[in-house]
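Peer 1: Structure here, sequence nowhere to be found:
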């Protein structure tokens with residue numbers, strides 16, 4: 001592997017214009033194809049094999065008029081009643097019914113009479129909720145469709161009515177806009193890179209690679225969306241993760257390359273060496289992230305698996321860019337990746353070497369320089385900290401563990417549930433419609449449940465439906481039951497049930513289970529509870545039951561990869577335990593902020609919300625994968641130092657001294673990139689942004705700077721133990737301690753030193 005990566009890095013650096021042009025052509029071509037043939041993103045929470053899925057299939061098959069994808073249009077009269085403008089409402093709903101992709105658009109006032117009030121009109125008549133059904137998922141429709149809706153309901157607005165779009169209708173045109181978050185994240189990342197490198201060129205290379213790779217990955221994702229359903233938040237989550245890892249991988253390679261240039265290597269030679277060492281670590285770390293995220297398919301839920309696949313695609317492209325585009329950019333930049341001071345120093349070294357008698361003397365001089373640099377690493381502030389922790393591993397290790405356990409305490413009260421339009425920004429039409437419906441019909445009207453009954457071929461069907469309706473009405477948690485509606489063939493009926501609580505409330509989930517277990521279980525005919533809320537209950541239960549399988553699969557994967565990478569059993573066990581602690585602490589912070597409301601206003605959430613069931617699963621896969629980045633880069637240097645010194649105590653200090661500055665900068669970049677996505681309106685994205693930022697902060701500080709040196713010191717030489725029988729099986733890939741560098745190439749490149 002090292003030889004291949006070395007050749008790849010040298011080739012990309014030597015023929016840099018061909019590689020850069022190739023990336024430019026591919027990325028531009030992907031964007032053109034995405035514009036012409038790309039699909040749209042939709043949220044599909046269907047759980048194959050669940051009760052809600054079976055009921056929905058029956059509904060779509062036998063009750064076409066009740067099928068499709070639901071939405072609503074809410075009319076509000078700020079003074080008087082909506083019925084005073086009945087003609088305007090009727091004209092508006094007729095126009096809505098003629099729009100493309102609309103199956104039905106009910107005129108709510110036509111259903112009303114003095115003897116039988118319409119279920120779509122509030123008691124005071126000031127609010128009307130008009131149902132609309134679509135032949136496609138409303139969220140897949142773009143913003144131009146909102147203009148058509150606005151034109152259709154213009155008569156009602158002209159009459160003085162407030163018109164808002166609720167349910168699925170409120171999701172039309174709500175594709176993610178990550179531009180501000182991306183811009184802020186990139187600017188802050190550039191600032192941090194410049195503070196580390198003190199070179200505009202060196203700072204810009206990781207960002208340039210990130211823009212190319214994330215852009216290309218998103219274009220691929222857009223093309224795949226034409227043939228496969230991806231969630232609306234998929235490109236946002238993929239961008240959030242892709243930017244972080246792309247900049248970090250570029251940082252690791254550029255940092256290694258600069259160090260090697262300072263050691264006297266030529267540009268092409270150094271690009272190859274950086275590729276065969278840090279590039280190998282990137283390949284392992286990136287591969288771990290990709291496989292861990294693809295592990296989300298263990299959930300058995302297409303929505304969650306698709307979220308993982310979207311992120312994995314972008315991360316895979318960032319790894320490819322790191323291994324090809326970064327060395328090409330290094331070949332183009334030559335010595336300008338060094339800052340002015342380092343270029344002056346290197347020029348002085350070249351002048352000194354010119355006076356040495358032969359290549360052997362030059363090689364000896366460069367070896368002395370490397371030893372001087374390693375000694376400097378060993379005496380750095382980070383190395384001194386590492387030795388301080390190593391001198392008292394038990395107190396530091398116990399204190400750090402207690403900190404993580406305290407942070408994880410809120411995890412014990414995590415409430416998994418669904419988010420509804422009540423968490424949308426206050427200015428959104430979907431939020432206004434949600435509030436109006438809750439005001440006029442009660443909070444449960446925003447998430448009605450639909451009971452689907454497969455009627456018997458003979459017998460008194462009306463009595464069956466009347467008895468079931470009566471039982472449902474008496475069920476605790478039910479606010480209202482609408483009259484049964486039977487299809488024309490008399491084979492299937494539906495009964496709409498309005499809960500007393502909002503869709504996101506835990507009491508509504510309890511109601512779904514109560515209806516299934518206490519009311520419908522005694523029915524002889526097949527009956528199902530369907531609807532968005534019921535579907536999400538099934539979704540949550542399925543994801544929760546599969547969470548242990550995901551944890552087991554990802555932990556096992558990490559253990560196997562670290563065992564191969566470092567030829568040690570204990571390193572893998574240590575990493576699994578420490579990563580579980582850091583993920584648990586990140587979960588605790590998420591619960592405290594979003595569910596308990598501690599500081600939630602700082603991230604733009606004005607009420608306590610439940611944690612969507614897929615967020616912990618997605619966070620675990622991503623965070624566990626990301627933590628492997630720092631694990632591999634830190635321990636590879638520790639391992640390299642241990643091989644050279646056979647002193648485990650000293651190896652920890654050297655490894656921390658050599659990598660802590662880079663890892664700290666990389667972690668800071670990840671944190672600012674993740675936190676920039678707090679600006680996104682989607683509460684789920686906010687949760688992932690905060691959770692992943694906290695997880696990286698914990699991992700790069702408490703875990704890498706305290707727990708790892710503590711545990712490595714306690715393990716001593718045993719940390720690198722591998723049974724003999726396993727030693728013969730496990731391949732030796734030597735991440736950072738790869739083969740020695742080739743003899744120096746003749747230095748023909750000009751070292752450009754500013755005057």
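Peer 2: Received the coordinates, thanks. In this text the structure is predicted, and so the values were computed from the model without any measurement.
Peer 1: Specify the residue positioned farthest from the middle of this protein.
Peer 2: Using C-alpha atoms, centre = their mean, the residue of the chain lying farthest from its centre is residue 357. It sits 57.5 Å away.
Peer 1: Beyond the helix or strand harbouring residue 363, next helix or strand please.
Peer 2: Element membership for residue 363, per DSSP states H and E: helix 359-378. The helix or strand immediately downstream of helix 359-378 is helix 381-391, counting by DSSP H and E.
Peer 1: Can you tell me which helices and strands that next one packs against?
Peer 2: Helices and strands touching helix 381-391, as assessed by 3 or more C-beta pairs under 8 Å, 6 or more residues apart in numbering; DSSP states H and E, comprise helix 648-676, helix 708-715. From N, CA and C alone the C-beta is placed, and that goes for glycine too.
Peer 1: which stretch among these comes nearest residue 228?
Peer 2: Closest to residue 228 of those is helix 648-676 (C-beta to C-beta; 26.4 Å).
Peer 1: mean pLDDT lowest for which of the helices and strands packed on helix 381-391?
Peer 2: Of all the helices and strands packed on helix 381-391, the minimum mean pLDDT falls on helix 648-676 (a mean of 87).
Peer 1: what about this protein, any weak spots by pLDDT?
Peer 2: By pLDDT under 70, the weakly predicted segments of the chain are 64-68, 111-117, 175-178, 365, 370, 373-374, 376-377, 733-755.
Peer 1: Can you tell me which residue is spatially central in it?
Peer 2: Closest to where the C-alpha atoms of the chain average out (C-alpha atoms, centre = their mean) is residue 237, at 3.7 Å.
Peer 1: my guess is that residue contacts residue 688, does it?
Peer 2: Yes. Counting by C-beta atoms under 8 Å, residue 237 does reach residue 688; the two are 6.2 Å apart.
Peer 1: what sits in contact with each of these two?
Peer 2: Between them, residue 237 and residue 688 share these contacting residues under C-beta atoms under 8 Å, 6 or more residues apart in numbering: residue 618.
Peer 1: thinking again about what came up before, the residue nearest to the centre of the chain - that's part of a helix, no?
Peer 2: Yes. Counting by DSSP: H, G, I helix; E, B strand; the rest coil, residue 237 falls inside a helix.
Peer 1: Excluding chain neighbours, give the residue nearest to it in space.
Peer 2: Nearest residue to residue 237 in three dimensions, chain neighbours excluded: residue 311, at 5.7 Å (C-beta to C-beta, 6 or more residues apart in numbering).
Peer 1: any chance you could map the helices in the stretch 451-600 of the chain?
Peer 2: For the stretch 451-600 of the chain, the helices defined by DSSP state H, counting those that start in this stretch occupy 461-474, 506-514, 532-566, 569-590.
Peer 1: Nearest to residue 497 among these would be which one?
Peer 2: Between residue 497 and the helices of the stretch 451-600 of the chain, the shortest gap by C-beta to C-beta is with helix 461-474, which sits at 5.7 Å.
Peer 1: Which stretches in the stretch 51-200 of the chain count as helices?
Peer 2: Under DSSP H, counting those that start in this stretch, the stretch 51-200 of the chain gives helices at 51-62, 86-97, 143-152, 154-158, 179-197, 200-224.
Peer 1: and among the ones you listed, the most buried is which?
Peer 2: Among these, helix 200-224 has the highest mean neighbour count (mean count of other C-beta atoms under 10 Å), at a mean of 22.
Peer 1: and residue 245, what is it in contact with?
Peer 2: Taking C-beta under 8 Å, 6+ apart as the contact definition, residue 245 lies against 286, 289, 315, 318, 626, 629.
Peer 1: hmm, 10 Å instead?
Peer 2: By C-beta atoms under 10 Å, 6 or more residues apart in numbering, the contact set of residue 245 is 210, 213-214, 282, 285-286, 289, 311, 314-315, 318-319, 322, 622, 625-626, 629, 666, 670, 673.
Peer 1: That one sits in which helix or strand?
Peer 2: Assigned by DSSP H and E, residue 245 falls in helix 234-262.
Peer 1: Report the angle between that helix and helix 200-224.
Peer 2: Interaxial angle of helix 234-262 relative to helix 200-224 (axes from the mean of the first three to the mean of the last three C-alpha atoms, to 10 degrees): 150 degrees.
Peer 1: quick revisit: does the residue farthest from the centre of the chain belong to a helix, a strand or coil?
Peer 2: For residue 357, the secondary structure call by three-state DSSP comes out as coil.
Peer 1: how close does residue 268 sit to residue 332?
Peer 2: Here residue 268 is placed at a distance of 12 Å from residue 332 (C-beta to C-beta, to the nearest Å).
Peer 1: sorry, that was for residue 133
Peer 2: Residue 133 is 56 Å from residue 332, where distance means C-beta to C-beta.
Peer 1: These two: which is more packed in?
Peer 2: The residue with more neighbours, out of residue 133 and residue 332, is residue 133; 21 against 17, by other C-beta atoms under 10 Å.
Peer 1: So what pairs up with the more buried one in the strands?
Peer 2: Going by DSSP bridges, residue 133 is paired in beta bridges with residue 70, residue 104.
Peer 1: Surely it touches residue 63?
Peer 2: No. With contact defined as C-beta atoms under 10 Å, residue 133 and residue 63 do not form a contacting pair (11.6 Å).
Peer 1: pretty sure residue 416 is touching residue 542, no?
Peer 2: No. Taking C-beta under 10 Å as the definition, residue 416 is not a contact partner of residue 542, at 11.4 Å.
Peer 1: circling back: now the residue farthest from the centre of the chain. Its backbone dihedrals?
Peer 2: Main-chain dihedrals, residue 357, degrees, to the nearest 10: phi -70, psi -40.
Peer 1: Likewise for residue 731?
Peer 2: Dihedral angles of residue 731 (phi, psi; degrees, to the nearest 10) stand at phi -70, psi 150.
Peer 1: Please name the nearest non-neighbouring residue to it.
Peer 2: Residue nearest to residue 731 in three dimensions, not counting chain neighbours: residue 564, with 6.3 Å by C-beta to C-beta, 6+ apart.
Peer 1: What is the neighbour count of that neighbour?
Peer 2: Residues within reach of residue 564, counting by other C-beta under 10 Å, total 17.
Peer 1: next one: the one 10 residues further on
Peer 2: Residues lying near residue 574 (other C-beta under 10 Å) number 22.
Peer 1: Surely it and residue 638 touch.
Peer 2: No. The criterion here is C-beta under 10 Å, and residue 574 misses it with residue 638 at 11.9 Å.
Peer 1: so how far is residue 448 from residue 313?
Peer 2: 37 Å.
Peer 1: Ok, residue 98 next?
Peer 2: According to C-beta to C-beta, residue 98 and residue 448 sit 26 Å apart.
Peer 1: So those two - more neighbours on which side?
Peer 2: Taking neighbours as other C-beta under 10 Å, residue 98 and residue 448 compare with residue 448 leading, 21 against 11.
Peer 1: for the more buried one, what are its contacts?
Peer 2: 70, 167, 441, 479-480, 482, 496-499, 503, 531-534.
Peer 1: Let's see that with 6 Å instead.
Peer 2: Counting by C-beta atoms under 6 Å, 6 or more residues apart in numbering, residue 448 makes contact with 496, 498.
Peer 1: Ok, the one 3 residues further on next?
Peer 2: Residue 451 makes contact with 495, 529 under the criterion C-beta under 6 Å, 6+ apart.
Peer 1: My reading is that the residue nearest to residue 237 lies in a helix. Confirm?
Peer 2: Yes. Counting by three-state DSSP, residue 311 is part of a helix.
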